[in-house]
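> Show me the folded form of this:
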Amino acid sequence: MKLFKAFAIAALTATLSTGAAAAADMITVPTSTPVEMPVAEPAGFDWSGFYAGVYGVAQNGEDSGTQYGLGVQAGVNAQFDYYLLGAEVAVQGLAGNDGAGETSYGQILGRAGLAVTDDVAVYAAGGYGLDLGAPEEDDMLFGAGVEMAITGNVSVEAQYLRSFPLSGDNAKNQFTVGANYHF
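Residues are numbered from 1 along each chain as shown. Take a look at the predicted model:
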């Protein structure tokens, strides 16, 4: 019986000492100040996942003149280290001040870019745009943008797109500024 108690105490001591060794402190690097710096930095903004947002738009077409409006967008991103891939669908309502009237414009974009800092991403965009009013026009879209996270779920973005008409001859320059909520 004494042998069994000794064996049980030895096993319990070994188990408790390995449990304490598994709980390690954070790894730090000594600095010239009394405060040590952690080796691992906290993770930055995670661009992966779904988002939705609103934006203001200014669009200048060769035939349609300058138009202003508001839009809504929804998309998805995937972040691989510093690389960013995504897709976005947007619809905007436009009103012209050059007698162009009111219309709506829809677009589907693919995005590819880089997370240049923890909370800033730059990207190139390309896709298809369709004027949903009269006259019916469709375009290939190419451009670029920058997006900056301002909280854990909210980002602001600015984007430029140039359209190349597939039907009609109304090439457009489009500037947008908006905010997105990331789910």
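> hmm, which helix or strand of the protein has the shakiest average pLDDT?
Ranking every helix and strand in the chain by mean pLDDT, DSSP states H and E puts helix 2-22 at the bottom, with a mean of 56.
> And Leu114, how far from Glu102?
Between Leu114 and Glu102 the distance is 38 Å, computed by CB to CB, to the nearest Å. Yep, even glycine has a C-beta here, placed from its N, CA and C like the rest.
> Next: Ala90.
According to CB to CB, Ala90 stands 17 Å off from Glu102.
> circling back to that earlier point, of Leu114 and Glu102, who's got more company?
Leu114 (15 against 11; other CB atoms under 10 Å).
> what about Gly152, which SS state?
coil (DSSP: H, G, I helix; E, B strand; the rest coil).
> what's the helix or strand hosting Tyr68 packed up against?
Assessed by DSSP states H and E, Tyr68 sits inside strand 65-80. Packing contacts for strand 65-80, counted by 3 or more CB pairs under 8 Å, 6 or more residues apart in numbering; DSSP states H and E, involve strand 49-61, strand 83-96, strand 102-115, strand 172-182.
> right, and those strands - which one's nearest Val35?
Val35 lies closest to strand 102-115 among the helices and strands packed on strand 65-80, at 28.3 Å (CB to CB).
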